[in-house]
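1. need the 3D shape of this:
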Amino acid sequence: MFRLNSEVRKAPAALAFACSLSLLSLTGCARTTPDTHEAEEKTLREVDAQWSKTAGAKDLDATVAFYGDDAVVMPGDAPVANTRQAIRDLWAPMLAPDASVSWEANQVEVARSGDLGYARGVYQLIMKEAAGKATTERGKFLEIWKKRTDGKWKCAVDSFSADTPAAPPVPEKDK
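-> Just a heads-up that it's a prediction; the model follows:
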């Protein structure tokens, strides 16, 4: 009868043990990315609050600087603004001396990838008419943010609309 020597009989068990040990060492040495999800959401919430504060200070250049280079702004009652100048023109009346704007994010979420997030919430815009009467507009907003390679968050898409429809135009004879 043919007999295997003891070394040959031990080979399959030794091979299985070596493979298991290799697999364990590879998975144990694998780097895991730390979960920064909560920290990114907090940062994005702070950036959005700073943006509202900047707009409240009526700093047009600094307010527009929160947008990325290819940003799109979609107001509920005006055409889409998709150039830096169009965005600036859209913001100018809201930051005029006889106006005030503020907003607060109620929800902020960041994707697990950490480079895309959104904020949604409510805003208030107060504007004085030529006669001095103030009108208040309250509404909601949704912003989509992208994190740039330098780590800064920039707004990519900004959409907002009033909670109530715009007032109908006053007929000529009533003016």
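
2. what strands line up against the one helix or strand E143 maps to, and which way round?
-> In this structure, E143 is located in strand 134-147 according to DSSP states H and E. Applying DSSP bridges, strand 134-147 is found paired with strand 116-128 (antiparallel), strand 153-162 (antiparallel).

3. nearest the geometric middle of this structure, what residue?
-> By CA atoms, centre = their mean, the chain has its centre lying nearest to W145, at 2.7 Å.

4. would you check that it makes contact with D158?
-> No: using CB atoms under 8 Å as the test, W145 is too far from D158 to be in contact (9.5 Å). Every residue, glycine included, has its C-beta placed from N, CA and C.

5. any idea which of the strands paired with strand 134-147 gets closest to T136?
-> Among these, strand 116-128 comes nearest to T136, with 5.1 Å by CB to CB.

6. buried ones in the closest one, by neighbour count?
-> With burial defined by 16 or more other CB atoms under 10 Å, the residues of strand 116-128 counted as buried are L116, G117, Y118, A119, G121, Y123, L125, M127.

7. now tell me which helix or strand of the protein has the poorest mean pLDDT.
-> In the chain, no helix or strand scores lower on mean pLDDT, DSSP states H and E than helix 6-29, which sits at a mean of 48.

8. what element comes up after that helix heading to the C-terminus?
-> Moving toward the C-terminus from helix 6-29, the next element (DSSP H and E) is helix 37-56.

9. how distant is that next one from the center of its chain?
-> Distance of helix 37-56 from its chain centroid, counting by CA atoms, centre = their mean, to the nearest Å, is 9 Å.
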